[in-house]
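>>> any chance you can model this:
(2 chains)
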Amino acid sequence: GIQVEQSPPDLILQEGANSTLRCNFSDSVNNLQWFHQNPWGQLINLFYIPSGTKQNGRLSATTVATERYSLLYISSSQTTDSGVYFCAPGVAAGNKLTFGGGTRVLVKP
Amino acid sequence: GAVVSQHPSRVICKSGTSVKIECRSLDFQATTMFWYRQFPKQSLMLMATSNEGSKATYEQGVEKDKFLINHASLTLSTLTVTSAHPEDSSFYICSARDRQVDFGQFFGPGTRLTVL
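Numbering: from 1, shown residues only, chains lettered A, B, ... in the order given. Model prediction:
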């Protein structure tokens, strides 16, 4: 199956800093989502981005499908951005997603 | 829109009993629902894909007789953990695809199962 690697595994930021999270995947995909898992375990959809670039407030994401990677940008980080960020690409056959190991982000005030 | 609920949010049971977890899509119809398991500080692992009106498809290594999945309608899928043991203690999360649009999967809030 598809292999998904996220980096870095852990990230500590000072409030207001910018950062980039990376997701590499081993196969061609037709679906990719970024999620934020809050401290209560809820997965929050950030982006559905099989290709191209999208922006939502202080967050933006870019997927270069031909080179098999996706990036999540966090700008002007806030303490509420803390949590675990997951990348989950998928292939056809029912749109199954394979989750990466996640990046655990801690934003300090 | 695209809200998925799970019930219960937390359950504690004795070893050997069975536990049923419900997953509902509240404002859309979901032909496909997915069940994941997450151990502490780990990623999500897909357990099975549930299609309305047909048998679930289980991932390799997941015991279908232990984790019974029923997708009886376009808005409800259930996961029953049969004869639960302490090693089944985990965070179980469901997701659903909206059949009308293709914006990926939407996730429920999860169910924390503790087997004593």
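>>> residues from chain B in reach of chain A?
B:2, B:32, B:34, B:36, B:38, B:43-46, B:49, B:51, B:57, B:91, B:93, B:95, B:97, B:102-107, B:109-110, B:112 (Cβ under 8 Å from any Cβ of the partner chain). All C-beta spots, glycine's among them, are computed from the backbone N, C-alpha and C.
>>> again, only this time at 6 Å
With the criterion set to Cβ under 6 Å from any Cβ of the partner chain, chain B comes near chain A through B:32, B:43-44, B:49, B:91, B:103-104, B:107, B:109-110.
>>> quick check: the two most widely separated of these?
The span of these, defined through Cβ to Cβ, is set by B:91 and B:103 at 24.1 Å.
>>> low-confidence ranges in chain A?
A:92-94 (pLDDT under 70).
>>> would you map the strands across it?
Along chain A, the segments classed as strands by DSSP state E run A:4-7, A:10-14, A:19-25, A:31-37, A:43-48, A:52-56, A:59-64, A:69-74, A:83-90, A:103-108.
>>> so how far is chain A from residue B:83?
For residue B:83, the distance to chain A equals 25 Å [Cβ to the nearest Cβ, to the nearest Å].
>>> neighbours of that residue, how many?
Residue B:83 sits with 12 neighbouring residues when counted by other Cβ atoms under 10 Å in any protein chain shown.
>>> check the secondary structure at the closest residue to it other than its chain neighbours for me.
Of all residues not flanking residue B:83 in the chain, residue B:16 sits nearest, at 5.7 Å (Cβ to Cβ, 6 or more residues apart in numbering or on different chains). At residue B:16 the chain is in coil, as set by DSSP: H, G, I helix; E, B strand; the rest coil.
>>> over to residue B:64?
Applying three-state DSSP: residue B:64 is coil.
>>> what's near enough to touch it?
residue B:58 (Cβ atoms under 6 Å, 6 or more residues apart in numbering or on different chains).
>>> what's the spacing between it and residue B:111?
19 Å (Cβ to Cβ, to the nearest Å).
>>> what's the answer for residue B:13, then?
12 Å.
>>> that older thread, any idea which of the strands of chain A is most buried?
strand A:83-90 (a mean of 25; mean count of other Cβ atoms under 10 Å in any protein chain shown).
>>> return the list of helices and strands in contact with it.
When contacts are defined as 3 or more Cβ pairs under 6 Å, 6 or more residues apart in numbering or on different chains; DSSP states H and E, strand A:83-90 sits against strand A:19-25, strand A:31-37.
>>> end to end, how far does stretch A:48-59 reach?
13 Å (Cα to Cα, to the nearest Å).
>>> can you flag the buried ones in the residues of chain B next to chain A?
B:32, B:43-44, B:49, B:91, B:104, B:107, B:109-110 (16 or more other Cβ atoms under 10 Å in any protein chain shown).
>>> the nearest residue to residue A:63 once chain neighbours are set aside bridge partners, please.
Nearest residue to residue A:63, sequence neighbours excluded (Cβ to Cβ, 6+ apart): residue A:70, at 4.1 Å. Using DSSP bridges, the beta-bridge partners of residue A:70 come out as residue A:23, residue A:63.
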